[in-house]
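**Q** The amino acid sequence is not available; the structure is as follows:
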């Protein structure tokens, strides 16, 4: 009898811990950001050249990465614009989606002898973003006077952030994350 009572008491105690355990956070709560949708900039420039552009999907945001060669981190200007424009000519570069982000990295995509260090195969589709939640298109704007420009067509005007990180072997990266939701 004492043994049955002890087993029942232990089971009741264990059930109370399970019943009071907090529920896991919903994905929406985990994806909250303090990002905004106004211009972000860093005025630094670098002799490092652009050597690659790539994109990635994450649970809460889509990411564009501009890879730079060896050297200090480059600065950037990232902001929503009515139309993405080419720096040298001012020509409009159409982008798919409900909003357009202009991305300018303060680093050239050519070396000191003006040989390209990065040239996209298709300037209208710099990286494939089909199936991404936020990105609709990434276009090549230009690399002119030490700045490299890209445009990101997004689903809507959503919060974003821009920052630089160190890469392997003394390289750096400029990163633009655009959230899936507000």
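**A** Arrived safely. The shown structure was predicted, so the numbers you read here are calculated from the model rather than taken from an experiment.

**Q** All the strands of the chain, residue numbers only.
**A** 40-42, 50-57, 61-70, 76-81, 84-85, 92-93, 99-105, 135-144, 147-154, 160-166, 171-179 (DSSP state E).

**Q** Quick one: closest of these to residue 112.
**A** Nearest of the strands of the chain to residue 112, taken as C-beta to C-beta: strand 61-70 at 12.0 Å. C-betas here are computed from N, CA, C, even on glycine.

**Q** Tell me which residues of the closest one come out buried.
**A** 61-69 (16 or more other C-beta atoms under 10 Å).

**Q** what does stretch 166-175 give?
**A** Quick answer for stretch 166-175 (16+ other C-beta under 10 Å): 167, 171-174.

**Q** from memory residue 47 sits against residue 69, does it?
**A** No - the pair residue 47 / residue 69 is not scored as a contact, 9.0 Å apart, by C-beta atoms under 8 Å.

**Q** before we move on, the earlier item: got the strands of the chain as CSV, with distance to residue 128 and mean pLDDT columns?
**A** Converted to CSV, the strands of the chain look like this (distance: least, C-beta to C-beta, whole Å; pLDDT from 0 to 100):
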stretch, distance to residue 128, mean pLDDT
strand 40-42, 25, 97
strand 50-57, 8, 98
strand 61-70, 12, 98
strand 76-81, 21, 98
strand 84-85, 18, 97
strand 92-93, 18, 98
strand 99-105, 17, 98
strand 135-144, 9, 97
strand 147-154, 13, 98
strand 160-166, 20, 97
strand 171-179, 16, 97
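
**Q** With distance to residue 119 as extra columns, can I get these in CSV?
**A** As requested, the strands of the chain are exported to CSV (distance: least, C-beta to C-beta, whole Å):
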stretch, distance to residue 119
strand 40-42, 25
strand 50-57, 10
strand 61-70, 14
strand 76-81, 20
strand 84-85, 18
strand 92-93, 16
strand 99-105, 15
strand 135-144, 9
strand 147-154, 11
strand 160-166, 22
strand 171-179, 18
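
**Q** Now for residue 62: which residues touch it?
**A** Residues near residue 62 by C-beta atoms under 8 Å, 6 or more residues apart in numbering: 55-56, 129, 132-135, 177-178, 180.
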